[in-house]
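# Just a sequence and a predicted model for now, questions to come.
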Amino acid sequence: MTDHGLPPFDLAAHLRDALGVDPDLVAAAEADGPEQVRRLAQAVVLLGEPPRLRPPDAWQRTGADEDLARALWRAMGFANVPDEAVALTEADVVALAAINDFLQASGISADTAIRFARLLGQTMSRVADALHSIVDHAIDEMDGLPPGENDDLMVLAAQLVNPLIEQELSYLLRRHLYAGAIRRIAGHDLEQPDVTVGFADVVSFTRLSGKLAEADLAELLETFEATTADMITERGGRVIKLIGDAVLFVFDEPEPAARLALELVESFGGDQPDLRVGLTHGPVLSRLGDLFGPPVNLASRLVSYARPGSVLVDQNFVDRLGPVEDLRLRSIRPRDLKGIGTTALYVLRRD
């Protein structure tokens, strides 16, 4: 191991001297051990203060009905907190009170607010997990850290990057809201838009996950997600969601989707596992950032029947695509797809 070049990091001293936490509070945490000091530090850095409130007191201060406050808390993705536990902060009160005030002023139903909170909670949970993994990996690469100091430096890392993360999350949200507004103005984001729906997945992923080391599996998934997302957006499509070894995406028209699908399967293989893609076209229901409807189910079925390194499409896609000079469609035997029925199938290739 090599010396990481950093002086020993005293987390308790950092709390007192740099973050201005009450020395008595720090001393009490120290008396309970290093883990409690880290818990205190993460609360101060990420929540702005140590937990000081029990749930009933916090719910009352939001001005919301207690059942609604608890429902919103669960919808955001947080576990129930025992009434006697001192686990909430002023930030929790402010966030829930703001939602309640908005509901009162707008007349929007509580059910809609809960669905919205659930969507944001699931999204932010995934973002948070990814950020933790990135920071963990960066700190683990620092050779020569004394035992336990990795966990202490996590606090310092959070303190340094948190302002940037908050700024970028706000920017990205506004940018995506703008992009969605422009799609609606152009008529491409209606309640039931007619779109090309695609699924791409990694062939034999279950078998691979049982053979690969954890680090290699993580690298494979990261490569898959980064490559597919970049290529889809570059071609003008949208990633709807990534589901482990699969990605659901949409295009307004079939031709760019067809070219993207061929590029995807051509970019994998060799030293990397093969991909396969299923494409169809039709009306879908757009709800809270996700897509529903027969085309979504059909695209999922198509990809499961596609051979490794191939693109499989149905008659709806063929009819909408029409003749394209450098693309070729080869008819194969129709299949009885579960929940859909007998479906005409075609393999998409370059001419």
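Perfect, thanks for sending it.
# hang on, residue 197 packs against residue 296?
Yes. Counting by Cβ atoms under 8 Å, residue 296 is a contact partner of residue 197 at 5.7 Å. Heads up, the C-betas are built off the backbone N, CA and C, glycines and all.
# between those two, who's got more neighbours?
residue 197 (28 against 20; other Cβ atoms under 10 Å).
# does the more buried one sit in a helix or strand, and which one?
When elements are assigned from DSSP states H and E, residue 197 belongs to strand 194-202.
# The next helix or strand after that strand packs against which elements?
Next along the chain after strand 194-202, taking DSSP H and E as the criterion, comes helix 205-211. Under the contact definition 3 or more Cβ pairs under 8 Å, 6 or more residues apart in numbering; DSSP states H and E, helix 205-211 sits against helix 214-234.
# rerun at 6 Å
Of the remaining helices and strands, none touches helix 205-211 by 3 or more Cβ pairs under 6 Å, 6 or more residues apart in numbering; DSSP states H and E.
# What count of nearby residues applies to residue 111?
9.
# Tell me which helix or strand it sits in.
Applying DSSP H and E, one finds residue 111 within helix 110-140.
# What is the distance between that helix and the centre of its chain?
In terms of Cα atoms, centre = their mean, to the nearest Å, the centre of helix 110-140 is found 7 Å from the chain centre.
# now do stretch 299-316
25 Å.
# try stretch 218-231
Stretch 218-231 has its C-alpha centroid displaced from the chain centroid by 13 Å (Cα atoms, centre = their mean).
# ok, residue 220 to residue 266 distance?
According to Cβ to Cβ, to the nearest Å, residue 220 and residue 266 sit 18 Å apart.
# ok, residue 159 touching residue 45?
Yes. Counting by Cβ atoms under 6 Å, residue 159 does reach residue 45; the two are 4.8 Å apart.
# what residues are shared contacts of these two?
Common neighbours of residue 159 and residue 45, using Cβ atoms under 6 Å, 6 or more residues apart in numbering, do not exist here.
# What is the burial count for residue 319?
Residue 319 has 10 neighbouring residues, counting by other Cβ under 10 Å.
# Same check on residue 120?
Close neighbours of residue 120, defined as other Cβ under 10 Å, add up to 16.
# Distance check, it against residue 218.
Computed as Cβ to Cβ, the residue 120 to residue 218 distance reads 26 Å.
# and if you look at residue 124?
21 Å.
# Same check on residue 349?
Distance, residue 349 to residue 218, by Cβ to Cβ: 33 Å.
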